[in-house]
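**Q** Compute the structure for the input listed below.
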Amino acid sequence: MDIFETTMLGKAPEFVSVLRSAQIVAATDVTVLVHGESGTGKELLGRALHDASPRRSGPFIAINCAALPEQLVESELFGHRRGAFTGATENQPGRIRAATGGTLFLDEIGELPLAIQAKLLRFLENGECQAVGESQVERVDARIIAATNRDLYQQVRKGKFREDLYYRLNVVPLQLPPLRQRRDDIAPLLLAFSRELAARHRLDPPMFDKKVVQRLESYPWPGNIRELRNLCERMVILHHSKTITQEMLPPELSNGSSNNAQASDFSLPANGISLEELEREMINQALERTRGNRSRAARLLGLTRDTLLYRIKKHSLD
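**A** Take a look at the predicted model:
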């Protein structure tokens, strides 16, 4: 069975489309930039890309750029020589060298300081890696997969991210859709996570009442897959072998979803509407509000960027 099918669960069309692209990309050494909200499974996709690649026997090194102290970012990535700075008591190879022959996954790439972005660009262009305090440059063979929950293009326009690095990373962009756009995947994910986590904790998995599943399918899931998995683990621990009812859910779920509240603000006119015209008008308004930024417009409409581009073309709005 394909590695993507076993690790990335879901049948939503937009999600499956991303996995198909990932399958093609995995066989190459091309740099990949994974876009997606927090909790959508960006690192999981990065690991699947590695495991399906010719580099699968090499290391997979993941690092969260947002969690690195600014003064230590360069040392963490590129390494340092003993005595290069106060506290450098021994040589350190750095994460890039540690990923030799394998893959380096850079999560939250938008948080890298501009000075380090320049050095990373040099590595991406010719494989050169120079440790802090080292006069010699070493060539390192490591594939880079980066991920972000930010709109990097907007970061470029604000001067917070290098334009040349953006285009060097964005060779093949993969956009993971949020869970609220994968409603039909929620029930299968509930079952899979509950079974997996119950086995890990050596407990019997709970069952989910039909009304609970409907409630969960209407919830917006701001934390995405991570939030859903955490809920499953809580239910496994607290209510193993039971049937989960609405009273057992946490308050934010048992009290209904914000999506339902938003939906109640809309009412169908007595003489009906044209969905085609409504969709066209909403897309126009989103593009106007974001001054033509299609990534931001897609977020306003609750769509992936690829879906918005398809609908823009469908309505001849480009």
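**Q** all helices for the stretch 151-300 of the chain, in order.
**A** Taking DSSP state H, counting those that start in this stretch as the test, the helices found in the stretch 151-300 of the chain are 152-157, 163-169, 186-201, 210-218, 224-239, 251-254, 258-263, 275-289, 294-301.
**Q** Need those in TSV (columns: mean neighbour count).
**A** C-beta here means a position set from N, CA and C on the backbone, and glycine is covered the same way. As requested, the helices of the stretch 151-300 of the chain are arranged in TSV below (neighbours: other CB atoms under 10 Å):
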stretch	mean neighbour count
helix 152-157	17
helix 163-169	17
helix 186-201	17
helix 210-218	16
helix 224-239	19
helix 251-254	13
helix 258-263	12
helix 275-289	14
helix 294-301	19
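**Q** out of those helices, nearest to residue 120?
**A** Proximity to residue 120, assessed across the helices of the stretch 151-300 of the chain by CB to CB, is greatest for helix 163-169 (6.6 Å).
**Q** Which strands or helices does that closest one pack on?
**A** Helices and strands touching helix 163-169, by 3 or more CB pairs under 8 Å, 6 or more residues apart in numbering; DSSP states H and E, are helix 114-126, helix 152-157.
**Q** hang on, the earlier thing: residue 103 is nearest to which of the helices of the stretch 151-300 of the chain?
**A** Closest to residue 103 of the helices of the stretch 151-300 of the chain is helix 163-169 (CB to CB; 14.1 Å).
**Q** Report the rounded mean pLDDT for that closest one.
**A** For helix 163-169, the mean per-residue pLDDT is 95.
**Q** Could you number the chain from 24 rather than 1 from now on?
**A** From this message on, residue numbering opens at 24, which makes the last subject helix 186-192.
**Q** Dump the C-alpha coordinates for it into PDB.
**A** These are the backbone C-alpha positions of helix 186-192, laid out as PDB (Å, rounded to 0.1, in the frame of the first residue of the first chain):
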ATOM      1  CA  GLU A 186      11.900  37.300  -2.300                       C
ATOM      2  CA  ASP A 187      14.700  35.200  -3.900                       C
ATOM      3  CA  LEU A 188      14.400  32.600  -1.100                       C
ATOM      4  CA  TYR A 189      10.700  32.500  -1.500                       C
ATOM      5  CA  TYR A 190      10.900  31.600  -5.100                       C
ATOM      6  CA  ARG A 191      13.700  29.100  -4.500                       C
ATOM      7  CA  LEU A 192      11.600  27.300  -1.900                       C
END
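**Q** Okay then, goodbye and thanks.
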